[in-house]
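**Student:** can you look at this prediction? I've put the sequence above it.
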Amino acid sequence: MKYYSTRDTAVSLSAAQAVKQGLSRDGGLLTPMEFTKLSEGDLNAMLPMTYQQRAAAIMGLYLTDYSAKELLAFVEKAYGPARFDTSAVAPVRTLDETTHCLELWHGPTSAFKDLALQMLPQLLSAALKKTGETRTACILAATSGDTGKAAMEGFADVEQTKILVFYPKDGVSAVQEAQMLTQRGENVSVCSVVGNFDDTQSGVKRIFSDGALRDELDKRGYFLSSANSINWGRILPQVVYYISAYCDLVRDGKLDLGEKVNFCVPTGNFGDILAGYYARKMGLPIGRLICASNKNDVLTEFLTTGTYDRNRTFYNTMSPSMDILISSNLERLLFDLAGQNGEKVKDYMDQLAMSGSYRVRDEILEQIRDLFWAGSCGEEATAAAIAHYYKDCGYLIDTHTAVAADVMAQYRAATGDAAPTVFVSTASPFKFCDSVLKAIGETPKGEGIDLIDQLQYATGRPAPWRLAALREKERRFDLSQKKEEMPEVVRAFLK
Ligand SMILES: *Cc1c(COP(=O)(O)O)cnc(C)c1O
């Protein structure tokens, strides 16, 4: 399987090259040239398989320069009992006859990013060998919370890699900060930056474009790389859980093979829902993909009107991982719907870079409306959804999942569609204790990781053990720097 760029279809790379490079040189996203079709027979054959076996089979279709043996070893490690707290890995919980919830937070950092970031480091490490790379890859990341920790956990002690994460000093939750500062691994480091997420992210971008620094690091045997969600090695592992969830529902007699199911996905950078789109393109019987946004509703507007406009107010919400104005992975959807026309995509992206907006052709909008439904959910409705699921179903969900739950209800009310629907749960409620406690009518007492205990007592639900154990863990890092000092932090880390 070869990969081309969403901005230039003359590009042709192997899977290992695509994983190593991350982004195409022309700024486009690397995307497989074909999508393999799964027949009902193929799905049927996957019913008795474990999550790991399904993952190796599906990823093998696209990672044709990795051997089946290699992939099996990677998935056993990524999704094994040392990392995930359930053998189902991504279990589906049934709430009523037509409503199911796909829980993607059973991994080591309690957020759905683990599903991809437990896999990517292994794919990258192997890609370095396959492409004859002798230098060590240093992953640099700016994070507003979930990505940084999941990337550190995934890359910890992975051969020929190092990882350095920057986060805004006052811009992550107390639980998220404690998770990063206690990270194990000889090849990891983390530094807080005085300022907000934008300062941190622009600091990282500047480091990536600093030619002198690049040459200096090259002489020391390092190159900089990113673990961003535009890397194909992050999207592909996400395709797996859509297919696996479908297989589980059929296996457990909750769905007939071939029957359509909707997925409702809490969306930020459009990586998760794009993987659902690819699963559908491969032939998985998905009806509608429901795109759920919080108060930052740039995607709701785009998917309903065809106009993308980032010139709008940015809101900090209680679902911070979806606070985003530019959804990078949308580019892959546009490329596909525009008939793999790289020129057209480049044109849209140039307009976005220049004026902050673009409008797609009517034919594209029509296809979007067939495939997707989009809605947004404000802060009050997010809290109300948490309260509703807790009180009426005895089910505790986090703030991001609550956005999906609310938008799923909006979809059903607006369309009358009674088809089975799976809403995707992307984080454990214990990562966002403060908002969840308030939503269920409790007054948070104290702050930070102390609230984990309060939420456990108030609900009688156990926190994921790694979160509950944070208090006892030694804080290994206490580096904090001004934005201007970030390149020095990189130099010192890669001595
Ligand atoms: C990253 C994240 C999202 C958004 O996923 P995208 O792939 O960026 O759309 C949603 N929920 C949580 C908890 C996340 O960490």
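**Tutor:** Okay, I see it. Residues are numbered from 1 along each chain as shown.
**Student:** and residue 129, its phi and psi?
**Tutor:** phi -70, psi -50 (degrees, to the nearest 10).
**Student:** where does it land on pLDDT?
**Tutor:** pLDDT, residue 129: 96.
**Student:** residue 122 now?
**Tutor:** If you check residue 122, the pLDDT there is 96.
**Student:** how about the residues of this protein near the ligand?
**Tutor:** Proximity of the chain to the ligand (C-beta under 6 Å from any ligand atom) is limited to residues 111-113, 146, 229, 266-272, 321-322, 400, 426-427. C-beta here means a position set from N, CA and C on the backbone, and glycine is covered the same way.
**Student:** let's see it at 5 Å
**Tutor:** Residues of the chain lying near the ligand by C-beta under 5 Å from any ligand atom: 111, 146, 266, 267, 268, 269, 271, 272, 321, 400, 426, 427.
**Student:** need those in a markdown table with neighbour count and distance to residue 102, can you?
**Tutor:** Converted to a markdown table, these look like this (neighbours: other C-beta atoms under 10 Å; distance: C-beta to C-beta, whole Å):
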| residue | neighbour count | distance to residue 102 |
| --- | --- | --- |
| 111 | 25 | 14 |
| 146 | 27 | 17 |
| 266 | 30 | 11 |
| 267 | 33 | 14 |
| 268 | 25 | 17 |
| 269 | 19 | 18 |
| 271 | 24 | 15 |
| 272 | 26 | 10 |
| 321 | 26 | 17 |
| 400 | 32 | 13 |
| 426 | 30 | 9 |
| 427 | 25 | 13 |
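**Student:** tell me which of those residues has the lowest pLDDT.
**Tutor:** Note: of the residues of the chain next to the ligand, the lowest pLDDT belongs to residue 146, at 83.
**Student:** ok, the nearest residue to that one once chain neighbours are set aside to residue 492 distance?
**Tutor:** The shortest distance from residue 146 to any non-neighbouring residue, by C-beta to C-beta, 6 or more residues apart in numbering, is to residue 111 (4.2 Å). Distance of residue 111 to residue 492, computed by C-beta to C-beta, to the nearest Å: 29 Å.
**Student:** over to residue 405?
**Tutor:** Using C-beta to C-beta, residue 405 is found at 45 Å from residue 492.
**Student:** settle it for me: which of these two has more neighbours?
**Tutor:** residue 405 (28 against 13; other C-beta atoms under 10 Å).
**Student:** return the residues in contact with the more buried one.
**Tutor:** 264, 385, 388, 389, 397, 423 (C-beta atoms under 8 Å, 6 or more residues apart in numbering).
**Student:** which one (most neighbours) among those?
**Tutor:** With neighbours defined as other C-beta under 10 Å, the most crowded of the contacts of residue 405 is residue 264; it has 32 neighbours.
**Student:** mind checking which helix or strand it is in?
**Tutor:** Residue 264 is part of strand 261-266 when elements are defined by DSSP states H and E.
**Student:** just checking, what packs against that strand?
**Tutor:** helix 232-251, helix 271-281, strand 286-293, helix 399-415, strand 421-425 (3 or more C-beta pairs under 8 Å, 6 or more residues apart in numbering; DSSP states H and E).
**Student:** ramachandran angles for the closest residue to residue 240 other than its chain neighbours?
**Tutor:** Sequence neighbours aside, residue 55 is the residue nearest to residue 240 in space, at 4.6 Å (criterion: C-beta to C-beta, 6+ apart). With angles defined as degrees, to the nearest 10, residue 55 sits at phi -60, psi -50.
**Student:** residue 55 contacts residue 73, correct?
**Tutor:** No. Between residue 55 and residue 73 there is no contact, the gap being 11.9 Å when judged by C-beta atoms under 8 Å.
**Student:** with neighbour numbers in mind, choose between those two.
**Tutor:** Per other C-beta under 10 Å, whichever of residue 55 and residue 73 has more neighbours is residue 55, with 29 against 14.
**Student:** can you tell me the centre-most residue of the protein?
**Tutor:** Centroid-nearest residue in the chain, with C-alpha atoms, centre = their mean: residue 113, separated by 4.5 Å.
**Student:** right, and that one touches residue 148 too?
**Tutor:** No. Under the criterion of C-beta under 8 Å, residue 113 is not in contact with residue 148, lying 9.6 Å apart.
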